[in-house]
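give me coordinates for this.
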Amino acid sequence: MIDDTALWAWFVFDSGLPTQRAKVLLEAWQAEGLSLAAALDRVQAQAMRLGLTTGEAQLLGSGRAALRATPAPPPALTWRDELYPRGLRSLSLRVRPALLFYEGNPSHLTRPIIYLAPGPVSADREELVREVLSLLLGEDIVVGMFDSTPQAALAVEEAMAAEGELLIFARAGLAQRMVLESERNLVASGRALLLSPLPPKIPYQPGLEAVLHQVAWYASERVILSADSASPAPPGDWLMSRPVSGRSWRCAVL
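I've put the predicted structure just below:
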């Protein structure tokens, strides 16, 4: 990894800089070929060249020492890591996660993610969703779903009785999320990955759902709409950001 993710987590969430300002600086330094660690080492001597105000330079210079006393966060991927989902790189800086905290095996992200978009599933439709899951699980993909949805419950249940790997997009920070025993077993066996762009201690907040849903969509290569209600449109320019050729599909409706 290019930078210590604990340093990234501190810089984005705990340094005292507004999160969006921190992300602007990270992107600018990346364009110059500077790692975060290298930039912070130059804060006092080259603040103006780094695009920092005097106040920001003082804040970062005095606050970085506090990082040593901060408990290490869960492991995370930064947007500079190779495993960071490429679809997220097309998101605007405002909503693009600087970090993705995870629990489980991040190598699952090397495979295409097929996302079961969330929504209510009736008893009549449940069997169809199970059939689709039985076809997907065990293939050279990872099946993604949004936390605490009918799709997630069905996928975990099916995975416990079959092969295949799951990706669960958490709706809270990983330290605040209630992990079911079945999910814990799948994570422990290397068959499930929990992923969250939120700081570990952030609890579930309904106001963040729209952003979290967008992250799940853009992290995925393909999406299956399996809910009973009318199929929601893909967010933003998601379809345009998926360059596939021939008859390859991007979004399917059950």
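
from here on, just use CA atoms for contacts and neighbour counts.
Noted.

checking the residue lying farthest from the centre of the chain next. Helix, strand or coil?
Going by Cα atoms, centre = their mean, the residue of the chain most distant from its centre is Ala45, 34.9 Å out. On the three-state scheme (DSSP: H, G, I helix; E, B strand; the rest coil), Ala45 is labelled coil.

read off the pLDDT value for it.
For Ala45, the model assigns a pLDDT of 88.

any idea how far it lies from Phe101?
According to Cα to Cα, to the nearest Å, Ala45 stands 32 Å off from Phe101.

tell me where the chain has helices.
Along the chain, the stretches classed as helices by DSSP state H are 5-9, 19-31, 36-41, 54-63, 123-136, 150-160, 181-188, 209-219.

mean pLDDT lowest for which of those?
helix 54-63 (a mean of 87).

contacts for that one?
The set of residues external to helix 54-63 that reach it, using Cα atoms under 8 Å, 6 or more residues apart in numbering, is Ser15, Gly16, Leu17, Leu40, Val43, Gln44, Ala47, Met48.

need these in JSON lines (columns: distance to Gly119).
Formatted as JSON lines, the contacts of helix 54-63 follow (distance: Cα to Cα, whole Å):
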{"residue": "Ser15", "distance to Gly119": "37"}
{"residue": "Gly16", "distance to Gly119": "38"}
{"residue": "Leu17", "distance to Gly119": "37"}
{"residue": "Leu40", "distance to Gly119": "44"}
{"residue": "Val43", "distance to Gly119": "47"}
{"residue": "Gln44", "distance to Gly119": "51"}
{"residue": "Ala47", "distance to Gly119": "48"}
{"residue": "Met48", "distance to Gly119": "49"}
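
now the residues you listed in a markdown table, with neighbour count?
Listed next are those as a markdown table, based on neighbours: other Cα atoms under 10 Å:
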| residue | neighbour count |
| --- | --- |
| Ser15 | 22 |
| Gly16 | 14 |
| Leu17 | 16 |
| Leu40 | 19 |
| Val43 | 21 |
| Gln44 | 15 |
| Ala47 | 18 |
| Met48 | 12 |
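
list just the nearest of these to Ala170.
Ser15 (24.4 Å; Cα to Cα).

from Arg96, how far out is that closest one?
Computed as Cα to Cα, the Ser15 to Arg96 distance reads 19 Å.

in TSV, list the helices of the chain along with distance to Pro199.
Putting those into TSV (distance: least, Cα to Cα, whole Å) gives the following:
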stretch	distance to Pro199
helix 5-9	8
helix 19-31	11
helix 36-41	18
helix 54-63	18
helix 123-136	31
helix 150-160	22
helix 181-188	20
helix 209-219	13
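
tell me which of the ones you listed lies nearest to Leu198.
Leu198 lies closest, by Cα to Cα, to one member of the helices of the chain: helix 209-219, at 8.9 Å.

mind listing what's buried along the closest one?
The neighbour-count check on helix 209-219 (16 or more other Cα atoms under 10 Å) flags Leu212, His213, Gln214, Val215, Ala216, Trp217, Tyr218, Ala219 as buried.

repeat for stretch 93-104
Applying 16+ other Cα under 10 Å to stretch 93-104 flags Arg96, Pro97, Ala98, Leu99, Leu100, Phe101, Tyr102, Glu103, Gly104 as buried.

what sits against the third one?
It stands for Ala98. Taking Cα under 8 Å, 6+ apart as the criterion, Ala98 is in contact with Val12, Lys23, Thr78, Trp79, Pro197.

check the second one too.
By Cα under 8 Å, 6+ apart, the residues touching Pro97 are Trp79, Leu88, Pro197, Val215.

which one (most neighbours) among these?
Most neighbours among these, by other Cα atoms under 10 Å: Pro197, with 24 neighbours.

who does the nearest residue to that residue once chain neighbours are set aside bridge with?
Using Cα to Cα, 6 or more residues apart in numbering and skipping residues adjacent in sequence, the residue nearest Pro197 is Leu100, 4.5 Å away. Beta-bridge pairing of Leu100 under DSSP bridges involves Leu77.
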